[in-house]
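# Based on what follows, work out the 3D shape:
(one chain, ligands or ions: 2)
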Amino acid sequence: MTAEKRQKPVRNLILILGDQLNLDNPALEGFDATQDCILMVECAGEAAHVWSHKARIVLFLSAMRHFYDCLATQYPCGLQGIYSRYLKLGEHEFDSLKAAWAKHIDALKPQKVIICEPGEYRLEQDLIALCQEKSVQLVIRDDTHFMCSKADFKHWASDGKSGSKKELRMEFFYRQMRQKFNVLMDGKNPVGGVWNYDAENRKTFGKLGPQNVPKAPKVNIDAVTQQVIDLVEQLFPNHPGSLSHFIWPVTRMQALKFLDDFIANKLAGFGVHQDAMWQENDAKISPYLWHSLLATSLNLKLLNPREVIAAAVLAYKKNQLPLASVEGFIRQILGWREFIRGVYWLDMPQMANGNHYQHTRQLPRWYWSADTHMNCMKQTIKQTMQHGYAHHIQRLMVTGMFGILAEINPREVEAWYLAVYVDAVEWVELPNVAGMALYANGGRFTSKPYVASGAYIKRMSNYCSNCRYKPELKTGTLACPTTTLYWNFLIKHYATFARNPRTALMVKNVQRFSAEEVAAIQAQSLQLLSKLDDL
Ligand code: FAD
Ligand code: SF4
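Numbers count the residues shown, from 1 in each chain. Ligands and ions are numbered 1, 2, ... in the order given. Down below sits the predicted model:
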């Protein structure tokens, strides 16, 4: 039966987005299958809004289809019978979510449209505007998946304990969250006596490389996922990325399996080598190292952060796991993830326009192909295209850092990140890229730009030993572009950095350069910047 033929008006039109796949989704509260309609839409416009990695599209569509099937078993009469509908890609005419919503509001004439807070500012604005235009009441319910509501974050950010009102610091937020949720606490004090074991989480793999890296868990590609894979290959053949390594959980059961696997096999080793990187010459070494691979499941809401934290704490208590690893992991979820979401909603929409350094260069073409001589970039991008995955330091200190040093337009870098990572959703991608990697928001929540020379990459990986460039060289044909552009960046911003006690140390070495050295670095940088595509 089509929406147009329906006689009885619907009470509530309940919208569920592709990253809201939790059965306790607040939009479903009070759902009555006999009078409410659930609407889920697969939309080409969303898949192609940025030039998405094929694995990202498959992940979202397959997880959505599985979720709708799961809902159908909860509410069989409502979903299979009367009102609710799931619109599959290629089987409907809507090229945007807004168009699909508009048509259904017109056809069903609901008294209310109900949705859980979307994860993207643009979608929320679209929906607000649409409901105003259609004169229908819109109810946006708080997203209880998160442990800190938007309102609580706003309150924290404005109460002066956040660092300062202008600059927000994750560390203060994290401590408050530890206390509030009583996580790794010993009365009022942190277990172990310190809040943060970050300093113990930066070890390299040494000359021997990673040892005994656990294998990544596997999920079965079932008929639903296979259908989606075929559809994506058919509809988006030119999109970047490969589907031959698709390992991502698309159901809650699979996500729980990933969580169990991480806790049992990886959590103990998570902290020590969290920042280290390694070129995957040996196919036996998992490219995911000791990382959890939980971001996709958390972001799609197949997992709840509370259960992830509880599982880590339980393993710490039961199995005496190293506190530095457990704290390091919990800091990412309870600290960074919640903080980043809070900042996104606090600072949108201006965050999406920030360009502190007024950088305007185009993203080099090889960000899509990995066809570059810079081995750190080649390896990180190659891995990204194969798996839709790179870990935090690869994102921050390789592809992200090059973006700021090469003066690339933040909008181009942001679009790339949103496109290529399987876990990319705007509320988490944008603050990480604009705020952390590119300093495009002028240090709203980082005390200084994350920049370093090739020496950092050499220390943290084996990339440089397989590279035509030399990380220690600033100028000359073998000079590492990251190193040259790093010094160029410090020279260019010398005056500002020297004035600020937080950045003064960074530029101290520049004082030791002769005028000739400075000129040579600047000249070589100009040359590099004019031919980024050729690096
Ligand atoms: P692990 O390394 O095992 O970490 C555990 C969990 O902590 C992650 O699953 C994630 O949920 C959370 N986490 C860790 N760091 C962060 C952070 N900085 N912000 C928010 N959550 C964090 N994460 C995304 O989920 N989506 C993105 O689009 C995304 N884009 C990023 C872009 C840049 C430039 C940077 C520097 C980081 C980005 N991150 C993003 C954060 C982080 O890199 C990924 O969450 C992580 O690499 C995912 O892999 P994992 O699940 O194995 O995480
Ligand atoms: Fe990257 Fe420079 Fe090292 Fe090459 S030498 S891998 S470009 S940091």
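
# Next secondary structure element downstream of the helix or strand hosting residue 14?
Per DSSP states H and E: residue 14 is located in strand 12-15. Moving toward the C-terminus from strand 12-15, the next helix or strand (DSSP H and E) is strand 37-41.

# Could you name the helices and strands sitting against that next one?
Using 3 or more CB pairs under 8 Å, 6 or more residues apart in numbering; DSSP states H and E, the elements in contact with strand 37-41 are strand 12-15, helix 54-74, strand 85-87, helix 97-108. Any C-beta I mention is one placed from the backbone N, CA and C, and that applies to glycine too.

# if you compare these, which one is most tucked away?
The highest average neighbour count among those, using mean count of other CB atoms under 10 Å, belongs to strand 12-15 at a mean of 24.

# need the helices for the stretch 301-450 of the chain, in chain order.
For the stretch 301-450 of the chain, the helices defined by DSSP state H, counting those that start in this stretch occupy 305-319, 323-330, 338-347, 366-369, 375-387, 392-394, 401-405, 410-420, 426-430.

# And those helices: which comes nearest residue 468?
Nearest to residue 468, of all the helices of the stretch 301-450 of the chain, is helix 375-387, at 7.6 Å by CB to CB.

# need the helix or strand of this protein with the lowest average pLDDT.
Within the chain, no helix or strand scores below helix 76-80, which has a mean of 56 by mean pLDDT, DSSP states H and E.

# Where does the closest residue to residue 261 other than its chain neighbours fall, secondary structure wise?
Spatially, and ignoring its direct neighbours in sequence, residue 261 is nearest to residue 217 (4.2 Å; CB to CB, 6 or more residues apart in numbering). For residue 217, there is no host helix or strand (DSSP H and E).

# before we move on, back to that, strand partners (parallel or antiparallel) of the strand holding residue 14?
In the sheet containing strand 12-15, its partner strands are strand 37-41 (parallel), strand 112-116 (parallel), by DSSP bridges.

# I figured residue 445 hits residue 169, correct?
Yes: in this structure, residue 445 is within contact of residue 169 by CB atoms under 8 Å, at 6.7 Å.

# Between those two, which has more neighbouring residues?
Using other CB atoms under 10 Å, the more surrounded residue of residue 445 and residue 169 is residue 445, with 22 against 16.

# returning to that earlier point: which of the strands paired with strand 12-15 has the lowest mean pLDDT?
Averaged per stretch, pLDDT over the strands paired with strand 12-15 is lowest on strand 37-41, reaching a mean of 94.

# Compute the inter-axis angle for that one and helix 97-108.
Counting by axes from the mean of the first three to the mean of the last three CA atoms, to 10 degrees, strand 37-41 lies at 150 degrees to helix 97-108.

# Residues touching the helix or strand following strand 37-41, excluding its own?
The helix or strand immediately downstream of strand 37-41 is helix 44-48, counting by DSSP H and E. With CB atoms under 8 Å, 6 or more residues apart in numbering as the test, helix 44-48 has contacts from 18, 57, 60-61, 89, 95-97, 235-236, 239.

# Out of the residues you listed, the closest to ligand 1 would be?
Ranked by distance to ligand 1 (CB to the nearest ligand atom), the contacts of helix 44-48 are led by residue 60 at 12.9 Å.

# buried set for the strand or helix carrying residue 127?
Assigning secondary structure by DSSP H and E places residue 127 in helix 121-134. Under the neighbour-count criterion of 16 or more other CB atoms under 10 Å, helix 121-134 has 121, 123-124, 126-127, 130-131 buried.

# What is the most widely separated pair among those residues?
Within these, 121 and 131 form the most distant pair, 16.0 Å apart (CB to CB).

# Close to ligand 2: what parts of the stretch 251-400 of the chain are there?
Neighbours of ligand 2 within the stretch 251-400 of the chain, by CB under 6 Å from any ligand atom: 374-376.

# who in the protein is up against ligand 2?
Residues of the chain lying near ligand 2 (CB under 6 Å from any ligand atom): 374-376, 454, 457-458, 463-464, 467, 469, 471, 480-482.

# Which among these count as buried?
By neighbour count, with 16+ other CB under 10 Å, the residues of the chain next to ligand 2 hold 374-376, 454, 457-458, 463-464, 467, 469, 471, 480-482 as buried.

# and which of the residues you listed is nearest to residue 115?
Lowest distance from residue 115 to those (CB to CB) belongs to residue 376, with 41.6 Å.

# now, among the residues of the stretch 251-400 of the chain next to ligand 2, which is nearest to ligand 1?
Out of those, the member with the shortest distance to ligand 1 (by CB to the nearest ligand atom) is residue 376, at 14.7 Å.

# ok, the closest residue in space to that closest one that isn't next to it in sequence - contacts?
Closest residue in space to residue 376, ignoring its immediate chain neighbours: residue 463 at 4.1 Å, by CB to CB, 6+ apart. Applying CB under 8 Å, 6+ apart, we find residue 463 in contact with 277, 279, 375-376, 379, 457.

# can those go into a markdown table with extra columns for pLDDT and distance to ligand 1?
Output for the contacts of residue 463, formatted as a markdown table (pLDDT from 0 to 100; distance: CB to the nearest ligand atom, whole Å):
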| residue | pLDDT | distance to ligand 1 |
| --- | --- | --- |
| 277 | 93 | 12 |
| 279 | 90 | 18 |
| 375 | 97 | 20 |
| 376 | 97 | 15 |
| 379 | 96 | 16 |
| 457 | 97 | 15 |
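
# Point out where this structure drops to low pLDDT.
Scanning the chain with the threshold set as pLDDT under 70 gives 1-8, 47, 76-83, 160-166, 281-283.

# Ligand 1 contacts on that one?
By CB under 6 Å from any ligand atom, the residues of the chain that approach ligand 1 are 291-295, 298-299, 332-333, 336-337, 340, 391-392, 395-396, 400, 417, 421, 423-424, 428-429, 432-433, 436-437.

# Need the buried ones from these selected in ChimeraX.
Restricted to buried positions by 16+ other CB under 10 Å, the ChimeraX selection for the residues of the chain next to ligand 1 reads:
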select :291,292,293,294,295,298,299,332,333,336,337,340,391,392,395,396,400,417,421,423,424,428,429,432,433,436,437
